[in-house]
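J.: Sequence and predicted structure are below.
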Amino acid sequence: MRVLSAAAILAFGILMVTAFLDLPPRGDRQSPAALHVSPYYVRNAERDMETPNVVTAVLADYRGYDTLGETTVIFTAGLACLLVLYRRKNAPENR
Amino acid sequence: MLQRTDSVIIAVMARALVPLIQLYALYVHFHGHSSPGGGFQGGALLAASVLLYRISMGPETARSQFPRGWGVRMGAAGTLIFAATGAACLAGGGAFLDYARLPGLSEDPAALRSLGITLIETGVLFAVMGTMIAIFDRIIASEPA
């Protein structure tokens, strides 16, 4: 079992590193994202939603659905924490 | 269980800091349109102020400020505010979370989008604040007395 999980972690790690090597370098102005969506956001955020802070505009409006997911994740993770930490009143004392 | 602190310094400093932190949290939240900040940061600051009060003032006083059990409800309410804003846009004839179609408030799409951002950021604020406080309260409650 231990060998199996080690192998799974190793395989996943190799997969992640391989995927990471294919990413465009940081600050690359020719990367696909910098050519299409980023200029659109920078040019139109102020006009579209009267919000000078482009980060807020992207986070809350252009990518609002994503942020709804993030908020749900935070709340769900909190609920999971509560369930893990919850101690039943009548449970036998186990330490 | 947490005890009320015996130290005068801690008690006075906490009493002085809590309202300042909360005021700054509101500033960070509502100024998120034009400076770094927003619901996540404001919510974390508000939760920090409540936790500081809980740590320094002991359970009874702290509960009068923010009762136990409200954290989860506040988190759920925040997530609901976010989703309800999206649903209101549906009701106004737009797509989900298309704030320009928020019903009945204004005609200017840009102003409506700005308002929609404030609404959902408020939802995020409540969700973050409530969840952090709920986790803290549960950790404290599960500690042996």
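T.: Sure thing, it's come through.
J.: Do you have the helices of chain A handy? List them.
T.: For chain A, the helices defined by DSSP state H cover A:2-21, A:32-35, A:37-49, A:54-57, A:64-85.
J.: quick one: the third one near chain B?
T.: What that stands for is helix A:37-49. Yes. With C-beta under 8 Å from any C-beta of the partner chain as the criterion, chain B is reached by helix A:37-49 at A:47, A:48, A:49. Glycine gets a C-beta too; all of them are placed from N, C-alpha and C.
J.: So what's the residue count around the residue nearest to residue A:28 when sequence neighbours are not counted?
T.: Using C-beta to C-beta, 6 or more residues apart in numbering or on different chains and skipping residues adjacent in sequence, the residue nearest residue A:28 is residue A:34, 6.7 Å away. Using other C-beta atoms under 10 Å in any protein chain shown, residue A:34 has 13 neighbouring residues.
J.: Would you mind confirming that residue A:34 is in contact with residue A:26?
T.: No. Using C-beta atoms under 8 Å as the test, residue A:34 is too far from residue A:26 to be in contact (10.8 Å).
J.: lowest-pLDDT helix or strand in chain A?
T.: Least confident helix or strand, chain A: helix A:32-35 with a mean of 82, by mean pLDDT, DSSP states H and E.
J.: Only the buried subset of the residues of helix A:37-49 next to chain B, as a ChimeraX command please.
T.: Buried subset of these, written as a ChimeraX selection, criterion 16 or more other C-beta atoms under 10 Å in any protein chain shown:
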select /A:48,49
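J.: I'd like the residues of helix A:37-49 next to chain B as TSV, with pLDDT and distance to residue B:41 appended.
T.: As requested, those are exported to TSV (pLDDT from 0 to 100; distance: C-beta to C-beta, whole Å):
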residue	pLDDT	distance to residue B:41
A:47	87	26
A:48	85	23
A:49	84	19
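J.: possible to save the residues of helix A:37-49 next to chain B as a markdown table with distance to residue B:116?
T.: Listed next are the residues of helix A:37-49 next to chain B as a markdown table, based on distance: C-beta to C-beta, whole Å:
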| residue | distance to residue B:116 |
| --- | --- |
| A:47 | 16 |
| A:48 | 11 |
| A:49 | 8 |
